[in-house]
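[1] I need the structure of the sequence given here:
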Amino acid sequence: MSNIGQMLTSMEVAQMVGKQHSDLLKDIRRYIAQLGEGKIPSSDFFTESTYQNSQNKTMPCYMVTKKGCEFIAHKLTGQKGTEFTAKYINRFHEMERELVSPNTSEISIGEIASYIKVIDRAAVRQNTPPYKIMEVFKMVSEQFGIRLPADLVKVPAYEQLTLDVTAK
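    So this is what the prediction gives:
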């Protein structure tokens, strides 16, 4: 699975490793300088960014990729390194699960029903056969974790016929 867009903020990483954010920023800046000396692109690991603090002041931070977390983890030793490695691995797996199956608990059953009604109206206006409408209904239901029987959609026998028009 691609990790594009999956990054942690340096604030979250600092919390995970039990460091002051300012200390982690110094470490990251040092890593970036060292990577630069080796002509290794630091953007694979860290991307400079900013955030607004509680006083609405723009403050520096970094977006840390999975590779960046691995990099930081390799710099830590002992219990701290082990704990951080476990935490960042769990966090990235959590983000991957959210990409694969987004949290639908925020969507009400009424919203799902309204969505299905809209699909149904559009399909009826387009004279879509009922079994095709059911295929869409089944697909949408499964995206929301609603399991329906495999044989719910029955394709009519006439749709399954093929016509052999070979000249003899």
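[2] and the host helix or strand of E83, what does it pack onto?
    Per DSSP states H and E: E83 is located in helix 78-100. For helix 78-100, the packing partners by 3 or more C-beta pairs under 8 Å, 6 or more residues apart in numbering; DSSP states H and E come out as helix 10-17, helix 66-75. The way it works is simple: take the backbone N, C-alpha and C, and place the C-beta from them, glycine included.
[3] surely K87 meets G18?
    No. The pair K87 / G18 is not scored as a contact, 10.2 Å apart, by C-beta atoms under 8 Å.
[4] In terms of packing, which of the two has more residues around it?
    K87 (18 against 10; other C-beta atoms under 10 Å).
[5] distance of that one from D27?
    K87 sits 17 Å away from D27 when distances are taken as C-beta to C-beta, to the nearest Å.
[6] Q6 - that's part of a helix, no?
    No. Counting by DSSP: H, G, I helix; E, B strand; the rest coil, Q6 is located in no helix; its state is coil.
[7] got a pLDDT number for the closest residue in space to it that isn't next to it in sequence?
    Using C-beta to C-beta, 6 or more residues apart in numbering and skipping the chain neighbours, the partner closest in space to Q6 is M95 (4.9 Å). In this model, M95 is scored at 78, pLDDT.
[8] Ok, E70 next?
    pLDDT for E70: 88.
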